[in-house]
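Engineer: Please work out how this folds:
(2 chains)
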Amino acid sequence: MNIVYCGRVAEIAGTREEEVAPPPAFRTVATLRAWLGRDRPDLLAALCAPSVRAVVNDEVAEAGRALAAGDEIAFLPPVSGG
Amino acid sequence: MIEVRAAPFDPGTELRRFAESGAGAGAIVSFTGIVRAGGEAGEVSALELDHYPRFTARTIQTIADEARSRFELIDLVILHRHGRLAPGEPIVFVAAAAEHRRAAFEVVDYLMDRLKTEAPFWKREHGPDGSRWIEARGSDLADRERWEEGRDGRD
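Structural biologist: Numbers count the residues shown, from 1 in each chain, chains lettered A, B, ... in the order given. Here you go, the predicted structure:
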């Protein structure tokens, strides 16, 4: 699956996009957040912030949303406003 | 027309083009947002806008569709920049054409309040002391709430 980091989350991740294949146990939005940040505490904190929304294939997704190979999951911090 | 683009635009040209296409309109209102030279943390040398192209375009389209169903509107245009902008450059252009002025004024006000609080853009200010991400402002959220059900006496 393709991961897209937006705004300050991209800065923390150090990349805009990455292709990943998480183990089957980590294929929901909530568990994917934990898996992506497993070795990176700063990224884990950013991904798990309540204000950071997950968008799966262009739709805002809840924590329990199941994920499959080929999905695109984006993590969006709050928008900037003015 | 809705467009998110990196290239600069000229608001005068955009307004003329929109006016020429807005047959039947009795009123056209436009708004241009410009990058300010003074940010919350002082002098700004550049403003960088990140977006998530498909989702950003889709969110703006939804906002435009809701404006069309809510107001008596003939046409609208939303033009938004992304990428790196200098102070003084136009960043957003919104225009509405309607039969009467009230709807045209309201649509532009409504679109800007929603774009400010919902359009997926992430802004970073660059200045003499480095760069910082900009957080949404409480005043923008308060402006957005004016349009919620019951607040403007319409719903």
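Engineer: just the strands in chain B please.
Structural biologist: With strands called from DSSP state E, chain B shows them at B:2-5, B:27-34, B:38-39, B:42-43, B:46-51, B:75-81, B:83-85, B:90-98, B:121-127, B:130-133.
Engineer: And chain A, by the same measure?
Structural biologist: Assigned by DSSP E, the strands in chain A fall at A:2-5, A:17-19, A:53-56, A:59-61, A:72-76.
Engineer: Wondering if the fourth one reaches chain B at all.
Structural biologist: Just to be clear, that refers to strand A:59-61. No - shown here: strand A:59-61 not in contact with chain B (CB under 8 Å from any CB of the partner chain), separated by at least 8.9 Å. Every residue, glycine included, has its C-beta placed from N, CA and C.
Engineer: can you check the first one too?
Structural biologist: Yes - on the criterion CB under 8 Å from any CB, strand A:2-5 is in touch with chain B at A:V4.
Engineer: For the strands of chain A, give me CSV that also has mean pLDDT and mean neighbour count.
Structural biologist: Formatted as CSV, those follow (pLDDT from 0 to 100; neighbours: other CB atoms under 10 Å in any protein chain shown):
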stretch, mean pLDDT, mean neighbour count
strand A:2-5, 98, 20
strand A:17-19, 97, 11
strand A:53-56, 97, 20
strand A:59-61, 95, 14
strand A:72-76, 98, 22
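Engineer: could these be laid out in TSV, adding distance to A:A25?
Structural biologist: Formatted as TSV, these follow (distance: least, CB to CB, whole Å):
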stretch	distance to A:A25
strand A:2-5	17
strand A:17-19	19
strand A:53-56	18
strand A:59-61	18
strand A:72-76	16
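Engineer: on that earlier part again, deepest-packed of the strands of chain B, please.
Structural biologist: strand B:90-98 (a mean of 24; mean count of other CB atoms under 10 Å in any protein chain shown).
Engineer: Can you give the strand pairings for it, parallel or anti for each?
Structural biologist: Taking DSSP bridges as the criterion, strand B:90-98 forms sheet pairs with strand B:27-34 (antiparallel), strand B:75-81 (antiparallel).
Engineer: And the helix or strand of chain B with the lowest mean pLDDT, what does it pack against?
Structural biologist: The weakest-scoring helix or strand in chain B, judged by mean pLDDT, DSSP states H and E, is strand B:38-39 (a mean of 77). The contact analysis (3 or more CB pairs under 8 Å, 6 or more residues apart in numbering or on different chains; DSSP states H and E) places strand B:38-39 against no helix or strand.
Engineer: show me what contacts residue 72?
Structural biologist: This is for chain A. Applying CB atoms under 8 Å, 6 or more residues apart in numbering or on different chains, we find A:E72 in contact with A:1-4, A:56-58.
Engineer: not what I meant, chain B
Structural biologist: Residues counted as contacts of B:E72 (CB under 8 Å, 6+ apart) are B:98-100, B:103.
Engineer: go again using 7 Å as the cut-off
Structural biologist: Contacts of B:E72 were listed using CB atoms under 7 Å, 6 or more residues apart in numbering or on different chains, and they are B:98-99, B:103.
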